[in-house]
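Asker: For reference, the sequence and a predicted model appear below.
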Amino acid sequence: MARRVTRARKGGVQTATLIPGDGIGPEVIDSAVQVIEAAGGRIAWDVQLAGKAAFERLGTAIPDALLASFRRTRVGLKGPLETQVGRAGYRSVSVALRKMFDLYANVRPVRTLPGVRGAFAGVDLIVVRENTEDLYSGIEHQIAPGVVESVKVITARASRRIAEYAFQLARRERRRKVVAIHKANIMKLSDGLFLACARQVALRYPRVKYEELIVDNACMQLVRRPAEFDVLVLENLYGDIVSDLCAGLVGGLGLVPGANVGKRHALFEAVHGTAPDIAGKNLANPLAAIMSGAKLLRHVGQKQAAGRIERAVERLLRQGRVRTRDLGGRATTRAVTEGLIALLH
Ligand code: ATP
């Protein structure tokens, strides 16, 4: 279970690593920093480059200074980082960070917010995705010309640990049910092991209901009756896909925050990517990054500031006057930031 960071610094100020990131990252992270400060969050940011921005300036996508900062602060807010698809030897920086700091749980709360057109009503679920193995092990090779093998690695240790995380979260947040999502009918050994571990863990939490769903059926049920889901626990690849699907249920990627949590470290980030199509245009929806910042504040014990931000986001969306394009409005990133700050109290 993640240990909460309680080491408040001088005057109750928490030091945290800040990674602006690539694409729309700098815009939405700047917005989050402004809102956190206006809400009374006491954070001293240690700004660090990573990804493409770091590669261009420092010749490496994961600078030592970034690793040293996060090792020290143990908590961070991160913008999306660009991964160059298919370039040999260039692995995703986000995946590398998760592995290096063993940020084994990717947690994405997906909730219907007021006034969002096209969103399903009453959705309030949490996707808990295993973050360190599966097809993301990075083991791929060509066995003969035209034949490539990618290795899916599932271990009992990681499966038990993520199931344990999901059940503890369910208990802590008074959730009623955990559903393990799998494809054990086809991948009998790997997904079979994942399920066996989840079942074992479930036995120790008799007050939390436990169910299992095959991933294709889970997707169908999710788009038909999303309000019936509660906590979902998944391997890495299914978790990646299903969490974007869940974001779509409540209005899209611009609204869903996330956290990568390990035993000692926690890195908060929005679910969305770098959105190169709108980068640098002041069009990105900053709410997911802002709500990730609110999660960070909660994590370090600054609950009042976090609550102020969460309430202001609800109010802003309910009023419906200031919305970015992805939510059917015309407002800029800056206008949303200013509108939100005006609603903080
Ligand atoms: P990456 O490779 O970094 O994941 P991508 O473009 O494949 O980038 P996303 O960045 O998640 O994936 O974007 C998917 C779509 O959603 C794009 O059309 C993008 O403009 C839109 N989008 C993502 N995030 C936001 C946001 N915060 N505000 C508005 N639109 C967004």
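Answerer: Nice, I can see it. Residues are numbered from 1 along each chain as shown.
Asker: Distance of residue 173 relative to residue 326?
Answerer: As for residue 173, its distance to residue 326 is 28 Å (criterion: CB to CB, to the nearest Å). C-beta coordinates here come from the backbone N, C-alpha and C atoms, glycine included.
Asker: let me fix that: residue 304
Answerer: Taken as CB to CB, the spacing of residue 304 relative to residue 326 amounts to 29 Å.
Asker: of the two, who's got more company?
Answerer: For residue 304 and residue 326, the more surrounded residue by other CB atoms under 10 Å is residue 326, and the numbers stand at 18 against 11.
Asker: Show the contacting residues for the nearest residue to that one once chain neighbours are set aside.
Answerer: Distance criterion CB to CB, 6 or more residues apart in numbering; nearest residue to residue 326, sequence neighbours excluded, is residue 254 at 4.7 Å. Contacts here follow CB atoms under 8 Å, 6 or more residues apart in numbering; on that basis residue 254 touches 270, 272, 284-285, 287-288, 324, 326-327.
Asker: Closest residue of the stretch 201-345 of the chain to the ligand?
Answerer: When distances are taken as CB to the nearest ligand atom, the stretch 201-345 of the chain approaches the ligand most closely through residue 273, which lies 2.1 Å from it.
Asker: correct me, but residue 325 touches residue 283?
Answerer: Yes. Because the distance of 5.8 Å satisfies CB atoms under 8 Å, residue 325 is recorded as touching residue 283.
Asker: Between the two, tell me which one has more neighbours.
Answerer: residue 283 (18 against 15).
Asker: And the pLDDT at the more buried one?
Answerer: Taken from the predicted model, the pLDDT recorded for residue 283 is 97.
Asker: Could you do residue 89 as well?
Answerer: In this prediction, residue 89 carries a pLDDT score of 45.
Asker: Ok, residue 269 next?
Answerer: 96.
Asker: and it, what is it in contact with?
Answerer: The neighbours of residue 269, taking CB under 8 Å, 6+ apart as the test, are 77-80, 94, 258-260, 289, 292.
Asker: will you turn the residues you listed into JSON lines that also has neighbour count?
Answerer: Written out in JSON lines, the entries for the contacts of residue 269 read as follows (neighbours: other CB atoms under 10 Å):
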{"residue": "77", "neighbour count": "26"}
{"residue": "78", "neighbour count": "28"}
{"residue": "79", "neighbour count": "27"}
{"residue": "80", "neighbour count": "26"}
{"residue": "94", "neighbour count": "23"}
{"residue": "258", "neighbour count": "25"}
{"residue": "259", "neighbour count": "21"}
{"residue": "260", "neighbour count": "24"}
{"residue": "289", "neighbour count": "31"}
{"residue": "292", "neighbour count": "25"}
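Asker: filter the residues you listed down to the ones near the ligand?
Answerer: When CB under 6 Å from any ligand atom is taken as the criterion, the members of the contacts of residue 269 that contact the ligand are residue 80.
Asker: Filter the contacts of residue 269 down to the ones in strands?
Answerer: Secondary-structure check on these using DSSP state E: residues within strands are 77-78, 259-260.
Asker: how about a markdown table for these, with pLDDT added?
Answerer: Output for those, formatted as a markdown table (pLDDT from 0 to 100):
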| residue | pLDDT |
| --- | --- |
| 77 | 98 |
| 78 | 97 |
| 259 | 97 |
| 260 | 97 |
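Asker: Check those and tell me the two furthest apart.
Answerer: Across the ones in strands among the contacts of residue 269, no pair lies farther apart than 77 and 260, at 11.3 Å, counting by CB to CB.
Asker: Touching both of these two, which residues are there?
Answerer: Counting by CB under 8 Å, 6+ apart, the residues touching both residue 77 and residue 260 are 267-269.
Asker: Hmm, residue 256 is touching residue 107, no?
Answerer: No. Here residue 256 does not reach residue 107: they are 11.0 Å apart, not a contact under CB under 8 Å.
Asker: So the two - more neighbours on which side?
Answerer: Taking residue 256 and residue 107 together and counting by other CB under 10 Å, residue 256 has the greater number of neighbours (27 against 23).
Asker: Which secondary structure elements does the lowest-mean-pLDDT helix or strand in the chain sit against?
Answerer: None of the helices or strands of the chain scores lower by mean pLDDT, DSSP states H and E than helix 93-100, at a mean of 86. The elements that helix 93-100 packs onto, with contact taken as 3 or more CB pairs under 8 Å, 6 or more residues apart in numbering; DSSP states H and E, are strand 266-269.
Asker: let's see it at 7 Å
Answerer: Secondary-structure packing of helix 93-100 (3 or more CB pairs under 7 Å, 6 or more residues apart in numbering; DSSP states H and E): no helix or strand packs against it.
Asker: what ranges do the strands span in this protein?
Answerer: When assigned using DSSP E, the strands of the chain occupy the ranges 14-19, 43-47, 75-78, 105-111, 124-130, 140-144, 147-150, 177-182, 209-214, 231-234, 259-261, 266-269.
Asker: Same list (those) but as TSV, adding distance to residue 337.
Answerer: Output for these, formatted as TSV (distance: least, CB to CB, whole Å):
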stretch	distance to residue 337
strand 14-19	16
strand 43-47	16
strand 75-78	15
strand 105-111	21
strand 124-130	26
strand 140-144	41
strand 147-150	41
strand 177-182	36
strand 209-214	39
strand 231-234	31
strand 259-261	22
strand 266-269	18
